[in-house]
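Asks: Fold the following, please.
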Amino acid sequence: MDQNAELGDFLRSHRARLTPESVGTASNGGARRVPGLRREEVAHLAGVSADYYARLEQGRHPKVSESVLDAVARALRLGPVERNYLFHIARPRVANPPRGNMRPQRVRPEVHQMLEVLGSVSPAFIVNHRLDVLASNYLARSLITDFDAMAARERNFARFVLFAPAAKELYGNWASIAQIIVANLRLSSGRHPDDARLNELIGEACVKVPEFNAWWASHRLDDCSNGAQLFHHAVVGDLTLHHEALTFATDPDQTLCLYTAEPGSPSAQTLALLASWSAPDASSDSPGRGPLGRHTAPGPAAGQATPHQ
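Replies: Numbers count the residues shown, from 1 in each chain. Below is the predicted model of the structure:
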């Protein structure tokens, strides 16, 4: 990803979302050739010269200060996620280490154990910045898809949501979920512009998902931190679950994605039914096959390296 081009696109897209009225400035009443604020209006709000802001938007000011970025973020009414993204794409960064020096990501044994404990009550899985699924419990595999049965390259949450026909049947609000996934990929691409596998996934989505290019061009950013999701499960029916994403302090590139139902709600009863039907049966003659009749390959042993980097 060209960081200069990305910075210009990001600033222009957010400038286009604002109006003089929304930021409390007077409009001269004349016709506007482009939607949103003009460059000079953003410059005025940020307290910089129009020429300086123009060069920033054109990617011709590589040593922009933190104070200027703060001022621009305030002028464009950026939220915390958008502000952090602006800093990532606007300021020089140390190049990522060669891929040969990267170690396979490991999910700690304690985290594997936590997933198993949660397995009877909450679907949960671990992803990295690319949304590669590094580990999951049986309830997540029963609710969403059997990640463990997939080839390593396919074991990616974004790939499932965007590419798999089953995802459109599973999510009652698929378009909304897919747009959040795209917004998360754009956020990750700004933080990891040299990640070849992430860029490959984005390029594949450009070709395979008709809506992707418009969603990508909107420059929406989302860290998928929380929200409600409606599921149409083929076995147990409809349920609405709350999603939370939690990052580990000791493993900052690993995020726990956890789903819960409101206590006492119909969705809680449906989730409990799914848990009882999909729970591993220790007495079964086929330990790799659960009550739902779907084969579930065993996940990596606690502490085992995943194939993702």
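Asks: use CA for all of it now, contacts and neighbours both
Replies: OK.
Asks: need the helices for the stretch 1-150 of the chain, in chain order.
Replies: 3-16, 39-46, 50-57, 66-75, 80-90, 109-118, 138-143 (DSSP state H, counting those that start in this stretch).
Asks: For Glu262, find the nearest of these.
Replies: Ranking those by proximity to Glu262 (Cα to Cα) places helix 109-118 first, at 15.7 Å.
Asks: Can you tell me how far the nearest residue to Val133 once chain neighbours are set aside is from Ala268?
Replies: Here the nearest residue to Val133 in space, its sequence neighbours aside, is Val127; by Cα to Cα, 6 or more residues apart in numbering that works out to 4.6 Å. Relative to Ala268, Val127 is positioned 25 Å away (Cα to Cα, to the nearest Å).
Asks: neighbour-wise, which of the two wins?
Replies: The neighbour comparison of Val127 against Ala268 (other Cα atoms under 10 Å) goes to Val127, with 22 against 19.
Asks: what's near enough to touch the more buried one?
Replies: Contact criterion Cα atoms under 8 Å, 6 or more residues apart in numbering gives 133-135, 157, 254-257 as the residues in contact with Val127.
Asks: what sits opposite it in the beta ladder?
Replies: Beta-bridge pairing for Val127 (DSSP bridges): Val133, Thr255.
Asks: where's it relative to Leu230, distance?
Replies: From Val127 over to Leu230 the distance is 21 Å, taken as Cα to Cα.
Asks: Same check on Arg186?
Replies: Look at Arg186 and Leu230: by Cα to Cα, they are 24 Å apart.
Asks: Which one's more surrounded, those two?
Replies: Counting neighbours by other Cα under 10 Å for Arg186 and for Leu230 shows that Arg186 has the greater number, 24 against 17.
Asks: That one touches Ser218, doesn't it?
Replies: No: here Arg186 does not reach Ser218: they are 10.1 Å apart, not a contact under Cα atoms under 8 Å.
Asks: Contacts only, for the spatially closest residue to Glu57 that is not a sequence neighbour.
Replies: In this structure, Glu57 finds its nearest non-sequential neighbour in Gly8, 4.5 Å apart by Cα to Cα, 6+ apart. Residues near Gly8 by Cα under 8 Å, 6+ apart: 56-59.
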